[in-house]
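Just a sequence and a predicted model for now, questions to come.
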There are 2 protein chains.
Amino acid sequence: MTADAQGDERVVVLAHEKFPERAKTATGVLKYADYDVVAVLDRDHAGTTTTEHRADLPAVPIVESMADAPAADTLLIGISPIGGDFDDSWRPDVRTAIERGCDVVAGLHSFLTADPEFAALAAEHNVDLRDVREPPADLTVASGASADVDAEVVLTVGTDCSVGKMTVALELLEAARERGVDAGFVPTGQTGIMIAGWGNPIDRVIADFTAGAVEEMLVAVGDEYDVLFVEGQGSIVHPAYSAVTCGILHGAMPDAMVLCHTAGREAIHGYESFDLPPIEEYVTLYEQLAAPVHGSEVVAGALNTSAVESDKSARAAVEEYTDALAAPATDPVRFDADAVLDPILDDEY
Amino acid sequence: MTADAQGDERVVVLAHEKFPERAKTATGVLKYADYDVVAVLDRDHAGTTTTEHRADLPAVPIVESMADAPAADTLLIGISPIGGDFDDSWRPDVRTAIERGCDVVAGLHSFLTADPEFAALAAEHNVDLRDVREPPADLTVASGASADVDAEVVLTVGTDCSVGKMTVALELLEAARERGVDAGFVPTGQTGIMIAGWGNPIDRVIADFTAGAVEEMLVAVGDEYDVLFVEGQGSIVHPAYSAVTCGILHGAMPDAMVLCHTAGREAIHGYESFDLPPIEEYVTLYEQLAAPVHGSEVVAGALNTSAVESDKSARAAVEEYTDALAAPATDPVRFDADAVLDPILDDEY
């Protein structure tokens, strides 16, 4: 597990030319992390404020470069280009950050620590370079120990990538805590890890250790909470990423699942020749695949209606989704999380 | 993909203290690889011949150490201790092999190339150290290209680990070739790679690349053959390894599947608290999980009856398995492969 920015830390988030729509990590961190974001770097929007672009985010100034940012402890790379490599146009900002004594956190495929200039500069200024996508060296195969975890384990599963599995887990976490439930979050991807401040990047571990890397996290925190919301990844029918999805399903051994979907999506994103199967089929598949390892039910659904303009149309989409699922559903971001949270907590409280 | 021993190469296979029962790689290589095994190293059985231990293997002398072995091109490590590390008691044999000008091939977790003594000695004697479990650096995510492969793709899937998925694929390959079919083999694990002389070690790739590493092999050889037998791994309901199984299923996009099972097995091997679901449920699960990516049917079954003493009892077990599957089945090692091969070839020829 990778330690990360937390608590009182003052953080600058880099999101050049991509804020907010193509800066999923930046917006996720702004919305859900509990540290203090003091500036966003986006040279295309310098001089504006985050809320001018997205009303649901905390108000943070957007500046041109690290040189214009207020005092901070950490620079966090909040975007990832296709391929996940470091973009050299960010180099001056990272250099300035290190020279100002900031740690730098990134979830890129190419590691900051492998960059000779940054490694030397970080050593000179005694700051940490933290690559959250680098798995710990001591992971191994699952032993089946997730079966013994005390907490009720809730896994967000999806019909596809990018349908809101992390967001739904975090919205449920917040709503459960508001009800006084002792709830925790288990991240499985780079943004989740940056938000939570710990976690194994499941998509980057050795294939044989997929379930084991999830189990290791469940065992580490499973007895500290009454309910654990585990961030799912991908989809069990994704042509490229289903291995990660399946490993998380069997490694987490959830007691309940929440099926996440995006309104109107009909084909796998980026793999348009692969149609999404009907919602009912997902429910059957996830439940039947879970059962031999640990019985689990899809107890609720979360529908991402961010692309649906009116609340009325969004409500109609939710209604249709509820019917297909034969379980309660809502859009927990647009409305509130109660419809999804109730069946989860009913089981146990 | 990793090049490996092939053809006219003269190979010595190391299997100290484990031949034959606990030397799966050694016996697999002896039985199926088409290179020339000139000796087996097993200090516990020195002076005997392989056939004294297992009648179905080619007759090869077993000797005490590499110093007693005849001239050879390659030393192949044919055993893997728990944990997959190099056992220091093998060091003198590897040293002697390198000094005699032999390449050394291993499928261990710890790499020969990372051993300073062997690396220096190999450079000095100009021989290759080949770690087949080290994935190539250029793997990436699947694109869905396996859908376009011309060959009929047949995947061996399993109810558990170690039920004979590699063996069945190789038996089917041989039987198909005997019938004049232009058939190929796609390995996915270290023994399969050692036998075939090429292949990606799927269990060792980055989780996100699981399907992609399979697809890369299918695309490389898919148009060279009429039928491709793909070696499956693990089981779709294995608490630790299902991610690899699922990635292979969606990465290979098989047209047909052969369900492999071991007679009498009732719980996951090494995870005895997890019962195997009924055979019918495996058929449903594999087919339903495959369908949204690429439609596939379990067209036949292969039952490992190696632990069943009499042929009569083995035939009864096969009959029972055939009924549960509702598809043709046999033990292709004990009997012949026809019952499994017929429904595969019927589809296409």
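Yep, it's here.

Residue numbers of the stretch 201-349 of chain A in contact with chain B?
Those residues of the stretch 201-349 of chain A that sit near chain B, judged by CB under 8 Å from any CB of the partner chain, are A:202-212, A:236-247, A:249-250, A:271, A:273-277, A:281, A:284-285, A:288-289, A:291-293. C-beta coordinates here come from the backbone N, C-alpha and C atoms, glycine included.

can you pull out the strands in the stretch 51-200 of chain A?
A:62-63, A:74-77, A:103-106, A:129-131, A:152-158, A:183-186 (DSSP state E, counting those that start in this stretch).

what helices or strands is the shortest one leaning on?
In other words, strand A:62-63. Applying 3 or more CB pairs under 8 Å, 6 or more residues apart in numbering or on different chains; DSSP states H and E, we find strand A:62-63 packed against strand A:36-41.

got the contact list for the residue lying closest to A:L325 once chain neighbours are set aside?
Nearest residue to A:L325 in three dimensions, chain neighbours excluded: A:G301, at 4.5 Å (CB to CB, 6 or more residues apart in numbering or on different chains). A:G301 makes contacts with A:258-261, A:279, A:321-322, A:325, A:327-330, A:340, as judged by CB atoms under 8 Å, 6 or more residues apart in numbering or on different chains.

7 Å - rerun?
Contact analysis of A:G301 by CB atoms under 7 Å, 6 or more residues apart in numbering or on different chains lists A:V258, A:L259, A:H261, A:Y321, A:T322, A:L325, A:A327, A:A329.

most surrounded residue in these?
Compared across the contacts of A:G301, A:V258 has the highest neighbour count, 30 neighbours, by other CB atoms under 10 Å in any protein chain shown.

Now do the helix or strand where A:A211 lies: which elements does it pack against?
Using DSSP states H and E, A:A211 falls within helix A:210-221. Packing partners of helix A:210-221 (3 or more CB pairs under 7 Å, 6 or more residues apart in numbering or on different chains; DSSP states H and E): strand A:183-186, helix A:242-252, helix B:242-252.

so what strands line up beside the next helix or strand after the last one?
Sequence-wise, the next helix or strand beyond helix B:242-252 is strand B:256-262, with elements assigned using DSSP H and E. Based on DSSP bridges, the strands next to strand B:256-262 in the sheet, each with its direction, are strand B:152-158 (parallel), strand B:297-304 (parallel).

Check the gap between whichever residue of the stretch 51-200 of chain A sits closest to chain B and A:E216 for me.
When distances are taken as CB to the nearest CB, the stretch 51-200 of chain A reaches nearest to chain B at A:A142, 4.0 Å away. Applying CB to CB, to the nearest Å, the value for A:A142 to A:E216 is 9 Å.

how about A:T284, secondary structure?
Look at A:T284: counting by DSSP: H, G, I helix; E, B strand; the rest coil, its state is helix.

Do a quick rundown of the helices in the stretch 1-150 of chain A.
Under the criterion DSSP state H, counting those that start in this stretch, the stretch 1-150 of chain A carries helices at the ranges A:24-32, A:50-53, A:91-99, A:116-125.

and the first one, what does it pack onto?
Spelled out, it's helix A:24-32. Checked by 3+ CB pairs under 7 Å, 6+ apart, helix A:24-32 has strand A:10-14, strand A:36-41, helix A:190-196 packed alongside it.

chain center to it, what's the gap?
When distances are taken as CA atoms, centre = their mean, to the nearest Å, helix A:24-32 is centred 9 Å away from the chain's centroid.

what's the spacing between A:A329 and A:A256?
Distance check for A:A329 against A:A256: by CB to CB, it reads 14 Å.

Let me fix that, I meant to ask about A:V214.
Following CB to CB, the distance that separates A:V214 from A:A256 is 16 Å.

How about A:D160?
A:D160 sits 21 Å away from A:A256, taking CB to CB as the criterion.

Using PDB, write out every CA atom in stretch A:166-177.
Extracted C-alpha coordinates of stretch A:166-177, given in PDB (Å, rounded to 0.1, in the frame of the first residue of the first chain):
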ATOM      1  CA  MET A 166     -15.300   5.000  -7.800                       C
ATOM      2  CA  THR A 167     -17.600   7.900  -7.500                       C
ATOM      3  CA  VAL A 168     -20.500   5.700  -6.300                       C
ATOM      4  CA  ALA A 169     -18.400   4.000  -3.700                       C
ATOM      5  CA  LEU A 170     -17.300   7.500  -2.400                       C
ATOM      6  CA  GLU A 171     -20.900   8.900  -2.400                       C
ATOM      7  CA  LEU A 172     -22.100   5.800  -0.500                       C
ATOM      8  CA  LEU A 173     -19.200   6.200   2.000                       C
ATOM      9  CA  GLU A 174     -20.100   9.800   2.600                       C
ATOM     10  CA  ALA A 175     -23.900   9.000   2.900                       C
ATOM     11  CA  ALA A 176     -23.300   6.100   5.200                       C
ATOM     12  CA  ARG A 177     -21.000   8.200   7.500                       C
END
